[in-house]
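> Got a sequence here, can you build the structure:
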Amino acid sequence: MIGVIFAGVKCRADTKTLQEICSSAYNTEVIFNVPRATTVSYKVKSGDTLLALSHRFYTTAAQIRKLNRIKGDIIVTGRSLKIPTFKTEPVKMSLGKLVTDTQSYSDPESIDSRALGLIRFVEECRNVPYKWGGESFYGIDCSGLVALFYRRYFNIQLPHSSMEQSRLGEEVRDLTMGDLLFFAIKRKVKIDHVGIYVGNGKFIHAASREKKVAISSLEDSYYRAKFITAQRIFLPPNPVYNVIEN
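You can find the predicted model right below:
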């Protein structure tokens with residue numbers, strides 16, 4: 001891995017692009033951020049709801065109820081709750097072994113599904129025509145591309161809006177594959193464009209400028225000047241690993 005400083009953001013960039021990873025998977029080692037289930041303690045504050053807490057900790061209201069033996073939707077201010085969530089740990093693995101050994105997929109915690117999902121997703125949607133408001137392989141826009149990726153591989157529904165997507169997850173400075181990059185393309189709009197980081201300082205996005213889904217570089221002066229922030233959408237402890245399905 002190589003440390004890269006970009007516009008005040010420290011990027012952990014893969015030494016190979018996704019295309020190179022695909023072609024040399026057998027001898028490529030990649031550091032995956034593996035999700036590990038954990039539990040945290042949280043004291044209920046005034047105004048908290050089970051739904052709000054589930055969104056905050058990337059779990060479900062049902063899981064919180066079950067862990068704390070809660071019936072209904074009422075929670076008492078001041079009560080300490082056990083909240084199921086997860087954290088990520090870096091694990092070095094051979095990507096070639098993962099993509100050729102189907103047994104590797106039997107344990108949902110054995111891989112970072114975003115990394116593997118991106119490899120297939122890049123091949124599926126690269127050069128798909130740009131279409132404002134689109135969210136399919138017949139035509140797609142920037143936020144539609146992100147929404148399609150998370151829906152297709154993880155059954156996670158994201159809003160079809162770059163501004164709304166920028167409010168999800170957690171802001172990050174150390175970029176890894178799958179992080180969302182947000183830009184302000186128009187001067188009067190704070191955030192109006194989004195892409196998915198694919199490593200080596202590059203990102204995939206549906207670009208009206210290129211009129212198609214393309215891979216661009218953060219070192220491109222055009223995008224470098226318009227970069228705003230990066231967000232990481234955390235997956236649930238037991239995400240749906242659709243990436244392994246044929």
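> Show me this structure divided up by domain.
Structurally, the chain divides into domains by automatic domain parsing as follows: 2-34+91-244, 38-87.
> Lowest average confidence across these, which one?
Note on the domains of the chain: lowest mean pLDDT is at domain 2-34+91-244, with a mean of 72.
> So residue 176 sits against residue 200, correct?
No: with contact defined as Cβ atoms under 8 Å, residue 176 does not count as touching residue 200 (11.8 Å). Quick note: C-beta positions are derived from backbone N, CA and C, even for glycine.
> ok, which stretches of this protein are helices?
18-23, 50-56, 61-68, 95-100, 113-125, 142-154, 162-165, 221-226 (DSSP state H).
> Could you list every helix and strand in contact with the shortest one?
Of the remaining helices and strands, those touching helix 162-165 by 3 or more Cβ pairs under 8 Å, 6 or more residues apart in numbering; DSSP states H and E are helix 142-154, strand 180-183, strand 193-199.
> How about it, which residues are buried there?
Residues 162, 165 are the ones in helix 162-165 that count as buried (16 or more other Cβ atoms under 10 Å).
> what's next to it, contact-wise?
Identification of contacts with helix 162-165 by Cβ atoms under 8 Å, 6 or more residues apart in numbering yields 142-143, 146-147, 158-159, 180, 182, 190-194, 231.
> try 10 Å
Helix 162-165 has contacts (Cβ atoms under 10 Å, 6 or more residues apart in numbering) with 141-144, 146-147, 150, 158-159, 180, 182-185, 189-195, 205, 228, 231, 233.
> Could you turn the buried ones of the residues you listed into a ChimeraX selection?
Burial among the contacts of helix 162-165 is assessed by 16+ other Cβ under 10 Å; the matching ChimeraX selection reads:
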select :141,142,143,144,146,147,150,158,180,182,183,184,185,191,192,193,194,195,205,228,231,233
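> To residue 85, which of the helices and strands packed on helix 162-165 lies closest?
Ranking those by distance to residue 85, with Cβ to Cβ as the measure, places helix 142-154 first at 16.3 Å.
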